[in-house]
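[1] Sequence and predicted model, in that order:
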Amino acid sequence: MRSATIHELKQELLNTHAAELTELCLRLAKYKKENKELLTYLLFEAHDQQGYVQSIKKEVDEQFAEINKSNLYYVKKTLRKILRNINTHIRYTGSAQVTVELLIYFCQSIKEAGIPIQKNPIIANLYKGQVQKINKTLLTLHEDLQYDYAKEIADLEV
């Protein structure tokens, strides 16, 4: 089966009645957890982005508290899981500022947790990749915001 293009979907949705749109959205949310989470964000949390970011940070703190530091293998696996979760939330917001803020928080949390970044090349590459992503995304922000985040980013350098 061939998927319709975004343009075709948009045209069809514009011609659909409100009740039918509601049914389509509910059916879409029913089959995939990610769709349900995105719909939840759009309906309930998109108006308060700062509150949403704070709730994600709290969630990240809880995940960092559960890291098994007995072996760097487990640390690496947990960091990837946390990062996957953060990236999902970043995709929901679609905001460069939220991206920078959450990735800076992730990197700061790694440093605060006392994870030996340089002892494992995979963890080091993961960390450096996030710092590079922060710097790349930072260039798309307004100059004032770039200046505000510059000091935090300088502290992240290994």
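    Received the coordinates, thanks.
[2] neighbouring contacts of the lowest-mean-pLDDT helix or strand in the chain?
    Within the chain, no helix or strand scores below helix 143-156, which has a mean of 84 by mean pLDDT, DSSP states H and E. Helix 143-156 is contacted from outside by 97, 100-101, 104, 107-108, 111, 131, 134-135, 138-139, 141, using C-beta atoms under 8 Å, 6 or more residues apart in numbering. Every C-beta, even on glycine, is put in place using the N, C-alpha and C of the backbone.
[3] rerun at 7 Å
    With contacts defined as C-beta atoms under 7 Å, 6 or more residues apart in numbering, helix 143-156 is touched by 97, 100, 104, 107, 131, 134-135, 138.
[4] same thing with stretch 81-95?
    37-38, 41, 49, 56, 60, 63, 98-99, 102, 106.
[5] hey, C-alpha coordinates of it in CSV?
    This file holds the C-alpha atoms of stretch 81-95, laid out as CSV (Å, rounded to 0.1, in the frame of the first residue of the first chain):
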residue,chain,number,x,y,z
LYS,A,81,17.8,4.9,27.3
ILE,A,82,17.7,8.4,29.0
LEU,A,83,18.8,10.1,25.8
ARG,A,84,16.3,8.2,23.7
ASN,A,85,13.6,9.4,26.1
ILE,A,86,14.8,13.0,25.9
ASN,A,87,15.0,12.9,22.1
THR,A,88,11.4,11.7,22.0
HIS,A,89,10.3,14.7,24.1
ILE,A,90,12.4,17.0,22.0
ARG,A,91,10.6,15.8,18.8
TYR,A,92,7.2,16.5,20.4
THR,A,93,8.1,20.1,21.2
GLY,A,94,9.9,20.9,17.9
SER,A,95,11.7,23.8,19.6
